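Visitor: Give the three-dimensional model of this entry:
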Amino acid sequence: MSFSSRQYVPCLRWKQGEYQALFRLSSNAQVSIVPLIEIPEIGYDFESGTNSKSIDEHLSKFAKRVKDKWGRHCLVDMHLIGSSERMNSGQHPFAFVFEGLRLKGVLAIPVIDLKQDYACQNEIKAIVATDMRGLCIRISIEEATKPDLATSLGTLIQQYSVGIDECDLILDMGAPNFEPIDSFGKLLETIIGKLPHLNEWRSFALIGTSFPQSMGGLKLGASIIPRNEWRLYKSLRRRLIVSGIRIPTFGDYGINHPDVLLIDPRLAKPSATIRYTIEDHWLILKGSNVRDYGYGQYRELCQAVVSSGYYSGTTFSEGDKYIHGCTQGTESTGRLTTWRWVGTNHHLEKVVQDVANLSVA
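Guide: Below you'll find the predicted structure:
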């Protein structure tokens, strides 16, 4: 299994908003996407000072939900789960997750970085040997510039007894300062051109985002924020074509920021927001906090999207259909999770369209 530069690799933290967005995708989008699924952190109970649930509770429904909500080729990353965690049975979480996916018939590939501990390595070796689908290696920009990268990758691949052509490589930018885009593109062109065995990897993707870490810094009403990762990719792609360098598959973090913020829910006052992806930008509509002002304000926010001049229409995505329904009163005002799937679903459909519309040359 592999993915091409004409597909899209969104990195999605596997929470309800994200998996409901995947579930509601059109058939065209489904075949164009290979999701990088991050199993989210367990969660923290600020009152008790402990994890909010056990690792068994946290992972118990994962495989079933991936089957029910996606059911296709996917990449699974567990770096947000602590290395010391074990199931009540003593089983390693990696083994538990992939055993469940295997039983459900999900074609999943483990995602690793350059820093797995010994116990995790052993479990992944067994998964790779059993499933025979290879693995995916995820490296940061900082790691990509280290002089010993070739040695590190070679050692890693040898440990798992696979060939380079059985491995996918993901270069993860995280959430860098993209500006100026032209200069950053030149730097990335150099970094990509020097990646070891660039043309031998089964697949190669570049992911990153410029999405805000928090809505707190945004004003009430409408804000337009550049999608710098997409603007960079288009510029970089043109450079790579001219240079004859392999073009990576585009990836991003959906409508999320990659960093995990630990926020005490007892103190949090999240705002009502709609995150709406448009050409080269996001349109973000922000209301007041939902604790004090409720969810009814979403009807006004939806009306602002529909009348903004950026609305894609009811047939563009299930998310767009919901937005229109909310303005008409045929859909409820929902909750925060509702608006995460609405925004993510629209975003995924939009990026699939963006990638498909890139010129061949």
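Visitor: Residue 137 is in contact with residue 166, correct?
Guide: No: between residue 166 and residue 137 there is no contact under CB atoms under 8 Å: 11.0 Å. Using the backbone N, CA and C atoms, a C-beta is placed for each residue, glycine as well.
Visitor: Between those two, which is the more surrounded one?
Guide: residue 137 (22 against 19; other CB atoms under 10 Å).
Visitor: The more buried one pairs with what?
Guide: residue 112, residue 169 (DSSP bridges).
Visitor: quick one: it and residue 160, what's the gap?
Guide: Going from residue 137 to residue 160 by CB to CB, to the nearest Å gives 9 Å.
Visitor: do residue 183 as well
Guide: The value you get for residue 183 to residue 160, if CB to CB is used, is 36 Å.
Visitor: out of the two, which sits in the busier spot?
Guide: Neighbours per residue, other CB under 10 Å: of residue 183 and residue 160, the larger number sits with residue 160, 20 against 10.
Visitor: got a list of what the more buried one touches?
Guide: For residue 160, the contacting residues are 121, 124, 125, 128, 135, by CB atoms under 8 Å, 6 or more residues apart in numbering.
Visitor: Repeat the analysis, applying 7 Å as the threshold.
Guide: Neighbouring residues of residue 160 by CB atoms under 7 Å, 6 or more residues apart in numbering: 124, 125, 128, 135.
Visitor: what does residue 293 give?
Guide: Per CB under 7 Å, 6+ apart, neighbours of residue 293: residue 287.
Visitor: Report pLDDT for it.
Guide: What the model reports as pLDDT for residue 293 is 93.
Visitor: Could you do the one 4 residues further on as well?
Guide: On pLDDT, residue 297 comes in at 96.
Visitor: Please tell me how far it sits from residue 7.
Guide: Taken as CB to CB, the span from residue 297 to residue 7 is 37 Å.
Visitor: taking the contacts of residue 160 one by one, which sit in helices?
Guide: 124, 125, 128 (DSSP state H).
Visitor: how many other residues sit next to the last one?
Guide: I take that to be residue 128. If you count neighbours by other CB under 10 Å, residue 128 ends up with 21.
Visitor: Would you map the strands across the stretch 151-300 of the chain?
Guide: Along the stretch 151-300 of the chain, the segments classed as strands by DSSP state E, counting those that start in this stretch run 167-172, 203-207, 221-226, 249-252, 271-278, 281-289.
Visitor: between the ones you listed, which one is nearest to residue 324?
Guide: Go through the strands of the stretch 151-300 of the chain one by one with CB to CB and the one that ends up closest to residue 324 is strand 271-278, at 12.4 Å.
Visitor: Now stretch 103-114: buried residues?
Guide: 104, 106, 108, 109, 110, 111, 112 (16 or more other CB atoms under 10 Å).
Visitor: which residues are in contact with it?
Guide: 1, 36, 63-64, 66-67, 71, 73-77, 79, 94, 98, 101, 124, 127, 133-139, 143, 152, 156, 168.
Visitor: From these, list the buried ones, please.
Guide: 36, 63, 66-67, 73-77, 79, 94, 98, 101, 124, 127, 133-139, 143, 152, 156, 168.
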